[in-house]
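> sequence first, then the predicted structure, then my questions.
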Amino acid sequence: MADKRSLFIQLAYIVLFVAINCLLLFHAMPDEEFDHSKRISPTYAHASDGQRYWGVAVNLAESGRFVLRTQSKVSLIDAAKSSNKDRTVIQEPMSRAGPLPALVFSIPIKLLGFEKGAIGIVGIQCIVLFLTGVMARTLVGPFNWNKNVVQALLIFNPNLIGLAHHAQSETIFVFLITGILVFVTKCLTYKQTAKKSEVILFGLCLGLLPLARPLGAYIVIALPIMLVVSMWINRNGFRSCQEYLNYRVVLGVFLVTLLTLSPWAFRNYMVFGQFSLTQSEGIMMQWHYNSLTSYLGPRANEQDPFVKYLSGEDSNECVGDYSLREGKCKQKAAKVYLEAILDSSASDIFYVLMASWSKLFLSGGTTALTRYVGLPTLNLHRIWHKNNNSSVVVRFIQSVLHTEYRGFFIIFLVTTTFAWLTRIFGLIGLFRCTSRTALALTMFYGLSVGVFLMMYLFVGLSRFRAPLEPILMLYATGGICFVAAKFRQAMSSFSQSL
């Protein structure tokens, strides 16, 4: 009977999941490409950093090369002095993204062509999202919560559904993150040695994670430390983990991970002269600095820190175009921007962190969905600026209630309500974790979230929450199950009293 009920639930999930995504796909509104040459699917047009993913995928399908189409570059000094925006389109080797999304996207583009390839990309990512929900069922086992609930919260998550319809890296990334969480759960709770298939799959997830997004390398590096701390919480953790991860298993996972990462690191050595997974350290720190200043407002008469450094006498080692990407200069750029960030007051840094992380956890992912279906979209970032006053909030409310933004307002309510409710239920579920095994897993999840927060710093976007969704939805499941149980008890008591 239980098997029939489970099968019925899965069939219902599949039908509803397909219906929602087909409805979105049917209402997708083509938009202009970045060079305004033609109208293309919003799967391409509105994909964040799309040229690093679908742009590379197109070139990979056509020529078998990991290159991206971009606009011609000028040095930072010239860009600061010139307002000329006329730039020609060129190609350059991919450096700031992992190859996995482009490799996956190139398959439907190669088989179906560019235009129909967008449908194939959405289809692949929807399948990946559904499989993520299926895998997440394993995570609730040690907590004795409802597996169907966590699966539903993931596959019907507005933020994740919106991302699945764009040619970006997040859907693949969250799938790999979930796979790693599944193996960590087994490590902390199971009492048998890992199977060979689990060793290979665990190593593949770890190796592919930085190839999906380079930031995944920090998770791979921090994983052993987080695992040791989590095992310390559980008295039997070391014994259980030693049985699951004996030295042969650890060696096998390490070798599979290394073999998975090595081809791309070797490619970067051949192209850029460095064994690395990305070339964007300086650019990322510049991004954090710009995000900080966008919240606090521009500082009076202050020049970009690295532009100022390049103008100085001690910048001979960093010359030419793209200094932020050159191996000899990117570390210096990262240092310059970090020093500029630390020059801000502690109160300013704290304020921006709180504002950024609030957006990260509480935003619903409205913009991705509204742009995808062609609805007029507001810039919600402005209301988070420190220098804004209450009249901005009033103007925002007046705007969303205007007829033009009615569709935007409806989607905003749905997505934001989902985000807020799951955060509230998540807090309830978090406080329900009292056993040592639950605390050990919670410690690992908390450390994982902390690593992501330190990587994101001042850039709080709903799409960056994607790899955190399995953890957030896990604890939301605990809260929902607890509230549902209390509700059933109350109704039972009420019926007995009648």
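Received it, and whenever you're ready, just let me know what you need.
> low-confidence regions, the stretch 201-350 of the chain specifically.
234-245, 278-282, 298-303, 310-328, 330 (pLDDT under 70).
> whoops, the stretch 51-200 of the chain was the one
For the stretch 51-200 of the chain (pLDDT under 70), the answer is 69-90, 191.
> okay, strands next: where are they in it?
Using DSSP state E, counting those that start in this stretch, the strands of the stretch 51-200 of the chain run over 67-71, 89-93.
> and the closest residue in space to R65 that isn't next to it in sequence, how close does it get to K116?
Spatial nearest neighbour of R65, chain neighbours left out: N59 (5.7 Å); criterion: C-beta to C-beta, 6 or more residues apart in numbering. (Glycine included, C-beta is placed from N, CA and C.) Here N59 is placed at a distance of 18 Å from K116 (C-beta to C-beta, to the nearest Å).
> repeat that for I219.
Taken as C-beta to C-beta, the span from I219 to K116 is 35 Å.
> so T260: helix, strand or coil?
helix (DSSP: H, G, I helix; E, B strand; the rest coil).
> picking up where we left off before, compare N59 and K116 (neighbour count), which wins?
Using other C-beta atoms under 10 Å, the more surrounded residue of N59 and K116 is N59, with 21 against 13.
> list the contacts of the more buried one.
Contacts were defined as C-beta atoms under 8 Å, 6 or more residues apart in numbering; by that measure N59 touches R65, F66, V67, L68, R69, Q91.
> check F156 too.
L16, F17, I20.
> return a PyMOL selection command for the buried portion of these.
Only the buried entries of the contacts of F156 go into this PyMOL selection, using 16 or more other C-beta atoms under 10 Å:
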select buried, resi 17
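> quick one: L468 is in a helix?
Yes. Remark: L468 belongs to a helix, assigned using three-state DSSP.
> now W420: how far from A476?
With C-beta to C-beta as the criterion, W420 and A476 are 11 Å apart.
> quick one: which of these two has more around it?
A direct count of neighbours by other C-beta under 10 Å for W420 and A476 places A476 higher, at 27 against 13.
> who does the helix or strand the more buried one falls within touch, helix- and strand-wise?
Per DSSP states H and E, A476 falls inside helix 469-497. Packing contacts for helix 469-497, counted by 3 or more C-beta pairs under 8 Å, 6 or more residues apart in numbering; DSSP states H and E, involve helix 114-136, helix 147-155, helix 170-189, helix 406-431, helix 436-456.
> need these in JSON lines (columns: distance to A102).
Converted to JSON lines, the helices and strands packed on helix 469-497 look like this (distance: least, C-beta to C-beta, whole Å):
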{"stretch": "helix 114-136", "distance to A102": "11"}
{"stretch": "helix 147-155", "distance to A102": "25"}
{"stretch": "helix 170-189", "distance to A102": "11"}
{"stretch": "helix 406-431", "distance to A102": "28"}
{"stretch": "helix 436-456", "distance to A102": "22"}
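> of all those, which one is nearest A484?
Closest to A484 of the helices and strands packed on helix 469-497 is helix 147-155 (C-beta to C-beta; 8.7 Å).
> mind giving me the packing neighbours of the closest one?
Checking 3+ C-beta pairs under 8 Å, 6+ apart, helix 147-155 ends up next to helix 2-26, helix 114-136, helix 469-497.
> can we see that at 6 Å?
helix 114-136, helix 469-497 (3 or more C-beta pairs under 6 Å, 6 or more residues apart in numbering; DSSP states H and E).
> mind checking how far that helix is from the chain centre?
Relative to the centre of its chain, helix 147-155 is centred 19 Å away, using C-alpha atoms, centre = their mean, to the nearest Å.
> residues contacting that helix, please?
Helix 147-155 is touched from outside by 9, 17, 130, 132-133, 136-137, 140, 473-474, 476-477, 480, with contacts defined as C-beta atoms under 6 Å, 6 or more residues apart in numbering.
> now it against helix 114-136, angle please.
Here helix 147-155 points in a direction 150 degrees away from that of helix 114-136 (axes from the mean of the first three to the mean of the last three C-alpha atoms, to 10 degrees).
> could you give the angle of helix 147-155 to helix 170-189?
150 degrees.
> CA atoms only for helix 147-155, dumped as PDB, please.
The C-alpha trace of helix 147-155 is given here as PDB (Å, rounded to 0.1, in the frame of the first residue of the first chain):
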ATOM      1  CA  LYS A 147      10.700  12.800   2.200                       C
ATOM      2  CA  ASN A 148       7.900  13.900  -0.100                       C
ATOM      3  CA  VAL A 149       7.800  17.400   1.400                       C
ATOM      4  CA  VAL A 150      11.500  18.100   0.800                       C
ATOM      5  CA  GLN A 151      11.300  16.900  -2.700                       C
ATOM      6  CA  ALA A 152       8.200  19.100  -3.400                       C
ATOM      7  CA  LEU A 153       9.900  22.200  -1.900                       C
ATOM      8  CA  LEU A 154      12.900  21.700  -4.200                       C
ATOM      9  CA  ILE A 155      11.200  20.800  -7.500                       C
END
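> helix 406-431 and that one, what's the angle between them?
Going by the same axes, to 10 degrees, helix 147-155 makes 140 degrees with helix 406-431.
> can you give me the distance of A102 to S41?
17 Å.
> count the neighbours of L7 for me.
10.
> gap between it and I14?
Distance from L7 to I14, by C-beta to C-beta: 11 Å.
> and if you look at A484?
For A484 relative to I14 (C-beta to C-beta), the value is 24 Å.
> returning to what we had before: so for S48, which of the helices and strands packed on helix 469-497 sits nearest?
Among the helices and strands packed on helix 469-497, helix 170-189 comes nearest to S48, with 8.8 Å by C-beta to C-beta.
> and that closest one, C-alpha only, in CSV?
The C-alpha trace of helix 170-189 is given here as CSV (Å, rounded to 0.1, in the frame of the first residue of the first chain):
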residue,chain,number,x,y,z
GLU,A,170,23.3,27.1,-11.1
THR,A,171,21.0,24.1,-11.8
ILE,A,172,24.0,21.8,-12.5
PHE,A,173,25.8,23.2,-9.5
VAL,A,174,23.0,22.6,-7.1
PHE,A,175,22.6,19.0,-8.4
LEU,A,176,26.3,18.3,-7.6
ILE,A,177,26.0,20.0,-4.2
THR,A,178,23.1,17.8,-3.4
GLY,A,179,25.1,14.7,-4.4
ILE,A,180,27.9,15.7,-2.0
LEU,A,181,25.4,16.3,0.8
VAL,A,182,24.0,12.8,0.2
PHE,A,183,27.4,11.2,0.6
VAL,A,184,28.2,13.3,3.7
THR,A,185,24.9,12.1,5.2
LYS,A,186,25.9,8.5,4.6
CYS,A,187,29.3,9.2,6.1
LEU,A,188,27.9,10.6,9.3
THR,A,189,25.1,8.1,9.7
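> noted, bye for now.
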